[in-house]
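Asks: Attaching a predicted model along with its sequence, questions to come.
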There are 2 protein chains.
Amino acid sequence: MYRSHTCGELRLRDEGKQVKLAGWVDRIRDLGGVKFIVLRDRYGKTQVVVNPDSPAYSIVNSISREDVINVEGTVRARPKEAVTSDPTGEIEVLAEKIEILSKSELPPFYPGDDVSEEMRLKYRYLDLRNPKMANNLIIRHKMAFHAREFLTNQGFLEIETPYLTKSTPEGARDFLVPSRLKKWNFYALPQSPQLFKQILMIGGMDRYFQIVRCFRDEDLRADRQPEFTQIDIEMSFVHMEDVLELAENLIRYIYSKVGIQLPEKFDRIPYEEAMEKYGSDKPDRRYGMELQDLTNYFTNTQFKIVADVLNNGGFVKGFKTNIPMSRKIADEYSEFVKAFGLGGVLWFKIENGQITSTTAKYLEKEYTEISKAFEMKEGDVLILAAHSNRERLNEALGALRLKIGKEHFKVEGYDAMWIIDFPFLEWSEEENRFVARHHPFTMPYVEDLESGVELSKIRAHAYDMVINGFEVGGGSIRIHRKDIQEKVFDIIGLTKEEMEEKFGFFLEALKYGVPPHGGIAFGLDRLVTIAAGADSIREVIAFPKTSSGTCLLTNAPSPVSQRQLDELGISLKQ
Amino acid sequence: MYRSHTCGELRLRDEGKQVKLAGWVDRIRDLGGVKFIVLRDRYGKTQVVVNPDSPAYSIVNSISREDVINVEGTVRARPKEAVTSDPTGEIEVLAEKIEILSKSELPPFYPGDDVSEEMRLKYRYLDLRNPKMANNLIIRHKMAFHAREFLTNQGFLEIETPYLTKSTPEGARDFLVPSRLKKWNFYALPQSPQLFKQILMIGGMDRYFQIVRCFRDEDLRADRQPEFTQIDIEMSFVHMEDVLELAENLIRYIYSKVGIQLPEKFDRIPYEEAMEKYGSDKPDRRYGMELQDLTNYFTNTQFKIVADVLNNGGFVKGFKTNIPMSRKIADEYSEFVKAFGLGGVLWFKIENGQITSTTAKYLEKEYTEISKAFEMKEGDVLILAAHSNRERLNEALGALRLKIGKEHFKVEGYDAMWIIDFPFLEWSEEENRFVARHHPFTMPYVEDLESGVELSKIRAHAYDMVINGFEVGGGSIRIHRKDIQEKVFDIIGLTKEEMEEKFGFFLEALKYGVPPHGGIAFGLDRLVTIAAGADSIREVIAFPKTSSGTCLLTNAPSPVSQRQLDELGISLKQ
């Protein structure tokens, strides 16, 4: 036995016990000849005292930080003045015997030191010794475990789907795996188990879940990883309401297990409304500052720039806030919205009871009316903009709203909601065709499909869960009719041959009795990041990759031998 | 709501209730104008009765097997003569309304039909509707879930390790994944998370587990899959005893959760003893027939073939059984052992109280002594063989023992044990060097290493768990000292440069304070196969691959586009 207790376990009630501890040397101090070692493991820290008359004393001088040692000794109460608020802060262990299990060379940094993320990833094992990092992984474990517990109690089966599967280049780019046994053929790593979970429903499995790794070979943006983890769920014989209720209860449950109370009921906000109010389909409402339609106040404006926009069928929108405002700041915001295609922002504030703005002289009437309508008080600021395209206007102001929110307001608590009634399709400039906004297996509103409404107006039985401005999950009711599935493939531009080649097996499966079904997938990395209050998903992944897809610990990816390439029948193309 | 109850839920206590069911049409019969539909879902089957006067009657004629339908009606007790032992066998639902949710075309087979495995895999969704298949997946879910529950309660954290990792071609062949962002470099899919879990121990995570997919690009033998699932475990500050106890409790627990009682204490059998008694390191002891050393009975034999072997320093071993025996059968067994390099088998049986054998006239004295020593009774048979190489003799007789066992005896119950004290190394004819038998991170017996004993005799702190003749798990105490790790790499023939290139990051990690640690990995597929009493691991995997690595459902692997290859900078080598 290396230990009788962990380093986080001993309390005053253990006084007098003979104990054995093992762990890393966190700190070592000499106070008047007496040596104090803080011993650390995943469970906590315990102070070890080595008196000059202890048989263990001789070894102490050869001990250094991050050595792994074994300590035998007796638990005693600390003197009153040495008691701390640490869980083990009322006791210490008087060492009788110390053994060095593993010496540490001088490490490149100590756990918790403020070093670059690059260093932390290269020496991840040192970084993980930081209790904060360990705690993130503990939170992650708890959330995953309790998700499984919750779903199991609800009659769901966790069913494993293949990682070596078929390349279906609809959506993001696949990672490919060359097959050796079937030369010049490739597996793809799954972007999600979408079709497999639908096949499981067709196979009668009724309620499926899986906490599963997914893969996307994308150019990595700030907070993306080439592999990420989903809580993947699918249910048969359900309507949207059933999925939403189950999913909401699940997320509330797993957050409660890490001490976070989410709202009793998540609001449901139609996509259109979210875009109108927040210019975003993943709003963080904690910042307030809802976008308002101000077009009416400018119907007769003389201010040419705005009048031109309105004559063009355009709109004016804005939001109220109370940040410091100046011409300089307004210039910055104008630059910001120009990236979205807007001309700039207008603004005014209430200062000394007066409307104050660089444009006040041109727009005093309009500003005054607005300030009354919105009951603006001293210090309040209104930021507004005009544009002919309402979507673009919403998006630009939504982004500005969020920028201001993050820069000026510290928000707390948890804002959780559903966004529903998404558009079924979106136009892809790149591919010059409509693509499925969620994915092509999502059930469109059949009444929209049949009413002959324009394609961009067809709504989908799709829903996203949003917490604190992050899309943490999304799902839909699926198409369970072959005729609708083929119609959708047709709308997004697949020929009969492409349908057959890419999705033939799935269309075949739709022939033999398909239950109505739907589901959702949550991003576990994101859920944990929010719960842990971490800045990045890399803080809640044990071994994340950099934005170039490199593992700094192992140096993957790396070159392979010619023999390996030969066996696969591939060569590097110079 | 599609349903108020599942198809396995209704009982006599529900009599009179208005219910709504949904499911697949399992059977449909007409008895004197009354239609009987057996409705099926994952939870069971319920009989639905449609009387000619029911408003639902008109639709019944258009219903066929495997249609998905919705039924509304009233629960009623079946007439006594129609009661069955099925869980819902005391009731039926008198239909008032039926809606077809999804028509099924005539399927290629019905769930449970006796069709080829190829057909079952191609139409896996039909196959999964067979309650036996669903039950296998339910057992799998339970075993995985309760493994997580058990380990979580023991303070283990499930920590996800990367699937896109570094190729370390020690062991089996890696599946490779070309990197697009770092052109001409490759990730490898993990054969196991071995180094990551050791890094986690070095990072102080203390107790890790993961139910994790692993990948081996091997030529697939009968019951192997290119991707398989491990229950992977690692613990710090432990000796072998701690790992064995934890692992044994875990496996006993998850089997108990699917109704199987494993022995209270698993025997521990040193590798040498297993080889001596069963000629196998994964014996199935339920067959009895332990191998016996019979050399002593032949010291003075006149029978030339045996005498020659003994003069060559050889051995005679054999085992007792009670199968029918004849010259013809003996010839077959002789052929069988020749494949192992033996000359053939000898045998005798007790028939009418006499020693009977084709060789009785040459070996009467020896056979008589043996029959007395082993208290052979009427009908008993002894099969024996001689060879100069004891390992080969054990192996051949062990294989013959197992063949006879499987052909002649139906065994029941569960035989579970540990095999311990494995040899650390084994000679690889292919590579002309010693390779690590378990893996090169296994701690050898340091006393063996330092005693200068020959390399093949060094023992390892390694252990396998064996249930019913299958190796279900294996593990070891790991090397936590850099000097020993380097010595082991040296023994298996790695140069300093190769060590650095393949394992440099790991040797670096061993510098900074490493806890003594060890672990084990279980094959979940195998554990479930045994628990489900299935013939093959393919019966407990939702979407298995064929022996050529093909998914018959999706047709993966498949060709990819030139554009995909170009993006990866690789080409197919003609």
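Replies: Alright, I've got the coordinates.
Asks: any idea how far residue A:258 lies from chain B?
Replies: To chain B, residue A:258 is 13 Å away according to CB to the nearest CB, to the nearest Å. Where C-beta positions appear, they are placed from N, C-alpha and C, glycine not excepted.
Asks: Which residue, other than its chain neighbours, is closest to residue A:138?
Replies: Nearest non-adjacent residue to residue A:138, counting by CB to CB, 6 or more residues apart in numbering or on different chains: residue B:157, 6.2 Å away.
Asks: right, I mislabeled it, should have said residue A:359
Replies: The spatial neighbour of residue A:359 that comes closest, neighbours along the chain excluded (CB to CB, 6+ apart), is residue A:346 at 5.6 Å.
Asks: Would you check how far apart that neighbour and chain B are?
Replies: According to CB to the nearest CB, residue A:346 and chain B sit 43 Å apart.
Asks: Next up, phi/psi of that residue, please.
Replies: Backbone torsions for residue A:346, taken as degrees, to the nearest 10, come to phi -110, psi 160.
Asks: residues in contact with the residue nearest to residue A:138?
Replies: For residue B:157, the contacting residues are A:137, A:138, A:141, B:205, B:207, B:208, B:209, by CB atoms under 8 Å, 6 or more residues apart in numbering or on different chains.
Asks: Would you mind listing what in the stretch 1-150 of chain A touches chain B?
Replies: For the stretch 1-150 of chain A, the residues in contact with chain B under the definition CB under 8 Å from any CB of the partner chain are A:1-3, A:6, A:22, A:24-25, A:40-43, A:66-68, A:101-105, A:107, A:123-129, A:134, A:137-138, A:140-141, A:144-145, A:148-149.
Asks: List buried members of these by neighbour count.
Replies: Among those, those scoring as buried are A:2-3, A:6, A:22, A:24-25, A:40-43, A:66-68, A:101-104, A:107, A:123-129, A:134, A:137-138, A:140-141, A:144-145, A:148-149 (criterion: 16 or more other CB atoms under 10 Å in any protein chain shown).
Asks: Per-residue pLDDT of residue A:135, please?
Replies: The predicted local confidence for residue A:135 comes out at a pLDDT of 98.
Asks: residue ranges with poor pLDDT in chain A?
Replies: Applying pLDDT under 70 to chain A picks out residues A:169-170.
Asks: quick one, longest strand in it?
Replies: When secondary structure is assigned using DSSP state E, the longest strand within chain A turns out to be strand A:18-31.
Asks: Could you check the angle the helix ranked longest in chain A makes with strand A:18-31?
Replies: Longest helix of chain A, by residue count under DSSP state H: helix A:131-153. Here helix A:131-153 runs at 150 degrees with respect to strand A:18-31, directions being taken by axes from the mean of the first three to the mean of the last three CA atoms, to 10 degrees.
Asks: who's in contact with residue A:384?
Replies: Residues counted as contacts of residue A:384 (CB under 8 Å, 6+ apart) are A:294, A:316, A:317, A:318, A:319, A:345, A:346, A:347.
Asks: Most widely separated two among the contacts of residue B:157?
Replies: Of all pairs drawn from those, the greatest distance, 13.6 Å, lies between A:138 and B:209 (CB to CB).
Asks: now the longest helix of chain A, how far from the centre of its chain.
Replies: 15 Å (CA atoms, centre = their mean, to the nearest Å).
Asks: strands paired with the helix or strand following it, and their directions?
Replies: Next along the chain after helix A:131-153, taking DSSP states H and E as the criterion, comes strand A:157-158. Looking at strand A:157-158 with DSSP bridges, its paired strands and their directions are strand A:207-215 (parallel).
Asks: Return the list of helices and strands in contact with the following helix or strand past the partner strand.
Replies: Under the assignment DSSP H and E, the closest C-terminal helix or strand after strand A:207-215 is strand A:227-236. Where contact means 3 or more CB pairs under 8 Å, 6 or more residues apart in numbering or on different chains; DSSP states H and E, strand A:227-236 is packed against helix A:131-153, helix A:194-202, strand A:207-215, helix A:240-256, strand A:517-523, helix A:524-532.
Asks: got the angle between the longest one and helix A:524-532?
Replies: Compare the direction of helix A:131-153 with that of helix A:524-532 by the same axes, to 10 degrees and you get 120 degrees.
Asks: Residue A:418 bridge partners, please.
Replies: The residues listed as beta-bridge partners of residue A:418 by DSSP bridges are residue A:268, residue A:465.
Asks: Run through the residues that contact it.
Replies: Neighbour list for residue A:418: A:244, A:248, A:266, A:267, A:268, A:269, A:463, A:464, A:465, A:466 [criterion: CB under 8 Å, 6+ apart].
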